[in-house]
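A.B. asks: Fold the following and give me the result.
(2 chains)
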2 protein chains.
Amino acid sequence: MSFEFKLLHQDQASRARAGVFSTPHGDIPTPVFAPVGTQATVKAMSPRDLEELGASLILANTYHLYLRPGAELIARLGGLHRFMAWNRPILTDSGGFQVFSLQGLRRVDDDGVTFRSHLDGSEHRFTPEKAIRIQELLGADIIMCLDECAPPLDRAYNEAALRRTHLWAERCWRAQTRDDQALFGIVQGGVFADLRRQSVEFLTALGFPGYAIGSLSVGETKAQMHEMLDVTTPLLPADRPRYLMGVGSPEDLFECVARGIDIFDCVLPTRIARNGAVFTRRGRINLRNACHADDPHPIEEGCTCYTCRTFSRAYLRHLILAKEILGLHLATLHNLHFLLELMREIRQAILDGTFVALKEAFLAEYPTSQNEA
Amino acid sequence: MSFEFKLLHQDQASRARAGVFSTPHGDIPTPVFAPVGTQATVKAMSPRDLEELGASLILANTYHLYLRPGAELIARLGGLHRFMAWNRPILTDSGGFQVFSLQGLRRVDDDGVTFRSHLDGSEHRFTPEKAIRIQELLGADIIMCLDECAPPLDRAYNEAALRRTHLWAERCWRAQTRDDQALFGIVQGGVFADLRRQSVEFLTALGFPGYAIGSLSVGETKAQMHEMLDVTTPLLPADRPRYLMGVGSPEDLFECVARGIDIFDCVLPTRIARNGAVFTRRGRINLRNACHADDPHPIEEGCTCYTCRTFSRAYLRHLILAKEILGLHLATLHNLHFLLELMREIRQAILDGTFVALKEAFLAEYPTSQNEA
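C.D. replies: Okay, here's the model as predicted:
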């Protein structure tokens, strides 16, 4: 089958665009933020929570699921959608990012990469063919090529890694056997404009139903990230979705949608929630702080999530200090609601032609270089 | 206000009875099982989960809430119902059980008990008046007298503790200032029939709107527990509810309902769930066991809880082994559903005159001396 990406509106004042990406498990309105379900669960959320939040796409991690419980087991149980009871679209990464983030032994050669499990130290090997095979067993709607992730500022490393990433992209492209999964190529090249251009050129010549942009937000400055997007997205075909991997703070959503990105994922909202940090329109707050001890107000007045409709900051602070599971759940619920709702607002603004005004209004209130949590 | 306990049906073949206890936050159909919300949350459950499960009464712990976040803070925020967003009936214990369970320094005298916080080692003192004051600040519908909990098999200890428990019961009775809370007396006396009788006599002379039975299921045999109920409940007034504190395994519910108990609470369903153990009609199973790794079936076929309607044992096992919060949530949800549903079945059987038949059929399938989790 072919994967239709229907562009509904191209903003005139920026490169922002609104569209719909159709998959076997339903349509994904874009731009979209995908909550991360590393181990086949978005931490502290049930599928019905995610449905209530209006999540239309979630991510799961090939590396983690390959190690535990194993891709064959998930396939025997009917695939990842059935296993985790999520009937809407899923995206799996290739496992590359996790493998190249591992401390300790890792050997990469042109054929693949050998690594040790963080769970038990056992040795494993991913090749492009193996990464596709695992992702076909998992059965996500959107799957990724195996790539080599390089430190973004290291020129020589990026040149070598890019050559391999392209070799592997071609092998992934050939290895794919299922036609009901959209295989995305991954643009690499660190902070080097010529390498990014070269990567786009190579991958678009192969022709993928979508393109990911990798190794951003992993050590370079915001300015460098924006520059790389400015170099990359104009060269990508307008009729294919663009996925910026691992990026998803509120300010990043605005800046990167403005630069033509359609799909985002990030552990930020779920991870900071488990530390007691929650989003508001005026920046993050940490519920552990003593100033919230007596506060009868919700995290954010007017927020329509279950947490804000129901509970005070004082109660949430109590739950988090008392290490109660409900505190993690309610903070996660709010943070995901915040980003998903923000993205729906962004999309509507693109359709209404008011995206840049919304972006400016939001960023005027929201502190951008905040790192409280 | 007075607290009405309406007896709907007295079983002919046992001392089981079905009724309704009316409180300011609604009616409690009895017999009832109350999930435990130690720190103002039933672990891993939201209020809407509990509403979906049909919980009509939950318990919260005075000792824990007094220490953190503090009863005054909860009162300032509108009381416990509002604080935790639970608008149905709540029962608070007096704190006595926790204080007398603490390891380390504890000094009891006729006036009260001095103890150290398990959180920070700070020194605190509960008197009967203080226990009532705290519970009035919390604002539960049912509150408890401060009592001295003794090891059930120690005769001399129980004689001394019972004298004090009765002194304190009278002081609690006098100390109460709110008329919208039902203060229950607590029958003590260990495994000694004469002490239990003496306790019932003393407390019923004061006249409480309900009676709790304490210090059972804490070291004595099941036979001794049953004997103490056989001694106690026939002496308690039929028109007041009877609450057996801290008891709530499936087999205990049947055996103790049969002996005239109306209200139960127990951490068992929530605690074992967090260890991966779940109830079925044929006994407990532990989801960690390897035999569930590939199992596509729910915990229990035909169970109508969200967990069983949605997920396989294989997925639940994966979540629990991967230490995912969702695993704790789903196992807890199932266990609470199991007990609440069982209690609804028991109540209906009492009304239908089929309680003893249900009890025999259930216990024939359910292993009673099981301790897998």
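A.B. asks: CA atoms for contacts and neighbours, from now on please.
C.D. replies: Fine.
A.B. asks: In the stretch 101-250 of chain A, which residue sits nearest chain B?
C.D. replies: residue A:119 (10.2 Å; Cα to the nearest Cα).
A.B. asks: Can you name every helix or strand that the helix-or-strand element of chain A with minimal mean pLDDT contacts?
C.D. replies: Ranked by mean pLDDT, DSSP states H and E, the helix or strand of chain A with the weakest confidence is helix A:96-101, at a mean of 90. Applying 3 or more Cα pairs under 8 Å, 6 or more residues apart in numbering or on different chains; DSSP states H and E, we find helix A:96-101 packed against helix A:62-67.
A.B. asks: Residues touching the helix it packs on, excluding its own?
C.D. replies: A:38-40, A:71, A:92-96, A:98-99, A:117, A:134-135 (Cα atoms under 8 Å, 6 or more residues apart in numbering or on different chains).
A.B. asks: What about these, which are in helices?
C.D. replies: A:71, A:96, A:98, A:99, A:134, A:135 (DSSP state H).
A.B. asks: which residue packs closest to the fifth one, ignoring adjacent ones?
C.D. replies: Setting aside the residues directly before and after it, residue A:134 is nearest to residue A:71 in space (Cα to Cα, 6 or more residues apart in numbering or on different chains), at 6.0 Å.
A.B. asks: residues touching the one you found, list them.
C.D. replies: Residue A:71 neighbours (Cα under 8 Å, 6+ apart): A:65, A:134, A:135, A:137, A:138.
A.B. asks: and which of those residues is nearest to residue A:297?
C.D. replies: Nearest to residue A:297 among the contacts of residue A:71 is residue A:65, at 39.9 Å by Cα to Cα.
A.B. asks: quick one: pLDDT of the closest one?
C.D. replies: Listed pLDDT for residue A:65 reads 98.
A.B. asks: burial count for it?
C.D. replies: 24 (other Cα atoms under 10 Å in any protein chain shown).
A.B. asks: can you check residue A:104 too?
C.D. replies: 10.
A.B. asks: go on, residue A:121?
C.D. replies: Around residue A:121 sit 11 other residues, with neighbours defined as other Cα under 10 Å.
A.B. asks: And what about whichever residue of the stretch 151-300 of chain A sits closest to chain B, helix, strand or coil?
C.D. replies: Residue of the stretch 151-300 of chain A nearest chain B, by Cα to the nearest Cα: residue A:296 (6.4 Å). Following DSSP: H, G, I helix; E, B strand; the rest coil, residue A:296 is assigned to coil.
A.B. asks: Find the nearest non-adjacent residue to it, please.
C.D. replies: Nearest non-adjacent residue to residue A:296, counting by Cα to Cα, 6+ apart: residue A:312, 4.9 Å away.
A.B. asks: Ok, residue A:368 next?
C.D. replies: residue A:251 (6.3 Å).
A.B. asks: Quick one, which of the contacts of helix A:62-67 are buried?
C.D. replies: For these, a burial check counting by 16 or more other Cα atoms under 10 Å in any protein chain shown picks out A:38, A:39, A:40, A:71, A:92, A:93, A:94, A:95, A:96, A:99, A:134, A:135.
A.B. asks: What is the nearest of the residues you listed to residue B:219?
C.D. replies: Taking Cα to Cα as the measure, residue B:219 sits nearest to residue A:39 out of the buried ones among the contacts of helix A:62-67, at 41.3 Å.
A.B. asks: Buried residues in the one helix or strand residue A:363 maps to, which are they?
C.D. replies: Using DSSP states H and E, residue A:363 sits within helix A:355-365. Across helix A:355-365, burial judged by 16+ other Cα under 10 Å covers A:355, A:356, A:358, A:359, A:362, A:363.
A.B. asks: I'd like the residues you listed as JSON lines, with pLDDT and distance to residue B:154 appended.
C.D. replies: What follows is those, written out as JSON lines (pLDDT from 0 to 100; distance: Cα to Cα, whole Å):
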{"residue": "A:355", "pLDDT": "98", "distance to residue B:154": "75"}
{"residue": "A:356", "pLDDT": "98", "distance to residue B:154": "77"}
{"residue": "A:358", "pLDDT": "98", "distance to residue B:154": "73"}
{"residue": "A:359", "pLDDT": "98", "distance to residue B:154": "72"}
{"residue": "A:362", "pLDDT": "98", "distance to residue B:154": "69"}
{"residue": "A:363", "pLDDT": "97", "distance to residue B:154": "69"}
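A.B. asks: any chance of those in TSV, with distance to chain B too?
C.D. replies: Output for the buried residues of helix A:355-365, formatted as TSV (distance: Cα to the nearest Cα, whole Å):
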residue	distance to chain B
A:355	36
A:356	39
A:358	34
A:359	35
A:362	32
A:363	34
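A.B. asks: Can you tell me which residues in the stretch 51-200 of chain A are near chain B?
C.D. replies: Counting by Cα under 8 Å from any Cα of the partner chain, the stretch 51-200 of chain A comes close to chain B at A:68, A:69, A:73, A:77, A:83, A:84, A:85.
A.B. asks: what about the fifth one, distance to residue A:132?
C.D. replies: When you say that, I think you mean residue A:83. Here residue A:83 is placed at a distance of 19 Å from residue A:132 (Cα to Cα, to the nearest Å).
A.B. asks: Looking at these two, which one has more neighbours?
C.D. replies: Just comparing residue A:83 and residue A:132: by other Cα under 10 Å the higher neighbour count belongs to residue A:132, 27 against 22.
A.B. asks: For chain B, give me its nearest residue in the stretch 1-150 of chain A.
C.D. replies: At 5.1 Å from chain B, residue A:44 is the closest residue in the stretch 1-150 of chain A, using Cα to the nearest Cα.
A.B. asks: Give me the below-cutoff pLDDT ranges for the stretch 251-373 of chain A.
C.D. replies: Residue ranges of the stretch 251-373 of chain A with pLDDT under 70: A:369-373.
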